[in-house]
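**Q** Please work out how this folds:
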Amino acid sequence: MPAQSAEQLWKAYNETTATNGASYQTRWFGDQNQPAEVQALTDLVLNGTKTATTTPLDTYTNEQVAIPQVGDYNVLLNGEMKPVAIIKTVVSELIPFYRISAEHAWHEGEGDRSIGDWRKRKTETFAPTLEAHGHQLNTDTPMVSEVFEVVYRAD
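**A** All right, here's what the predicted structure looks like:
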């Protein structure tokens, strides 16, 4: 039976492993106002296709959110904003936009998984957000490149 809350899922995970007092945040991938998109990305995480993500550094600074660090835990929420798994950050690097590797694009698990497709899709996504904050997307725009693993599932 799936956990009813993020707190219950975290508690269940803590009963199976030693997290040494670690805490968690809730997290989802995609636009919260687009539940189908969030669910599709959640499904990619749960089936092991999506094990990485990239976010402009500007997003973290403008939203005053901490940059993911190695060892961070997140309770993954699905399209209904219900907890389905716990993911752990295993790599977090600051990399210029055009230095994101083809391997990383593949591990993001979206589109055709090529670097060309990744750059096209991310330009379409990141450019308007950056422009809204008074910045332009260019080859040197700093990106937070993150790799994560599913360490616990609600099912």
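**Q** pretty sure residue 40 is in a strand, no?
**A** No - the secondary structure assignment for residue 40 gives helix rather than a strand, going by DSSP: H, G, I helix; E, B strand; the rest coil.
**Q** For the residue nearest to residue 153 when sequence neighbours are not counted, identify the helix or strand it belongs to.
**A** Across the structure, with C-beta to C-beta, 6 or more residues apart in numbering as the measure, the residue nearest residue 153 apart from its sequence neighbours is residue 85 (4.8 Å). All C-beta atoms are positioned from the backbone trio N, CA, C, and that covers glycine. Assigned by DSSP states H and E, residue 85 belongs to strand 83-96.
**Q** chain center to that strand, what's the gap?
**A** Going by C-alpha atoms, centre = their mean, to the nearest Å, the spacing between the C-alpha centre of strand 83-96 and its chain's C-alpha centre is 6 Å.
**Q** What residues of it count as buried?
**A** When neighbours are counted by 16 or more other C-beta atoms under 10 Å, the buried residues of strand 83-96 are found to be 83, 84, 85, 86, 87, 88, 89, 92, 95.
**Q** can you list the weak-confidence ranges in the chain?
**A** Along the chain, the parts satisfying pLDDT under 70 run over 1-3.
**Q** 80 - rerun?
**A** In the predicted model of the chain, residues 1-3, 20-21 satisfy pLDDT under 80.
**Q** all strands for it, in order.
**A** For the chain, strands defined by DSSP state E occupy the ranges 24-27, 52-56, 73-77, 83-96, 142-153.
**Q** Would you mind getting the angle between the longest one and strand 52-56?
**A** Following axes from the mean of the first three to the mean of the last three C-alpha atoms, to 10 degrees, one obtains 60 degrees for the angle between strand 83-96 and strand 52-56.
**Q** Can you name every helix or strand that strand 83-96 contacts?
**A** Helices and strands touching strand 83-96, as assessed by 3 or more C-beta pairs under 8 Å, 6 or more residues apart in numbering; DSSP states H and E, comprise helix 6-14, strand 24-27, helix 35-46, strand 73-77, strand 142-153.
**Q** Export the ones you listed to CSV and append columns for distance to residue 102.
**A** Supplementary listing: the helices and strands packed on strand 83-96 in CSV, determined by distance: least, C-beta to C-beta, whole Å:
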stretch, distance to residue 102
helix 6-14, 33
strand 24-27, 25
helix 35-46, 18
strand 73-77, 25
strand 142-153, 13
